[in-house]
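Asks: Would you be able to build a 3D model of this:
(one chain, ligands or ions: 2)
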Amino acid sequence: MKPMSEQETKKQIDKLRPICTCAACPSYKGTSETTLLFCYTAKSSKIKNQKGCICGGCPVKKQQELKHIYYCLWGTESEQTDKKKS
Ligand code: SF4
Ligand code: SF4
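Replies: Ligands and ions are numbered 1, 2, ... in the order given. Here you go, the predicted model:
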């Protein structure tokens, strides 16, 4: 992902959140989580167990050419990319 200003990031998040598919994911279902778009925002404080990740089929992942999965548990796209580099 290209670096974006704070305002651009907020706009991007508002645009992408409605197409995030996390709510249909087995790791998400049954938790009290209500937020979405973990790939851009932050890890979840409510999702604790890996029961599968459906990011692979998500239109956001495809559109934005995201490389990682399990954003709710492992952190945003940038965080996971940084971790790999270090
Ligand atoms: S890639 Fe995963 S976290 Fe990101 S919007 Fe899609 S389903 Fe949600
Ligand atoms: S990031 Fe992946 S594992 Fe987490 S809720 Fe979304 S689809 Fe499920």
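
Asks: Which residues does stretch 33-47 contact?
Replies: Stretch 33-47 has contacts (C-beta atoms under 8 Å, 6 or more residues apart in numbering) with 9, 12-13, 16-17, 20, 22-23, 27-28, 31-32, 55, 60-61, 64, 66, 68, 71-77. For glycine as for every other residue, the C-beta is placed from the backbone atoms N, C-alpha and C.

Asks: does Lys61 really touch Cys55, like I thought?
Replies: Yes: counting by C-beta atoms under 8 Å, Cys55 is a contact partner of Lys61 at 5.3 Å.

Asks: what number of residues lie near Cys25?
Replies: Neighbourhood size, Cys25 [other C-beta atoms under 10 Å]: 21.

Asks: ah, wrong one, I meant Glu33
Replies: 19.

Asks: now Cys22
Replies: 24.

Asks: so who does it touch?
Replies: With the criterion set at C-beta under 8 Å, 6+ apart, Cys22 makes contact with Tyr28, Leu36, Leu37, Phe38, Ile54, Cys55, Cys58, Cys72.
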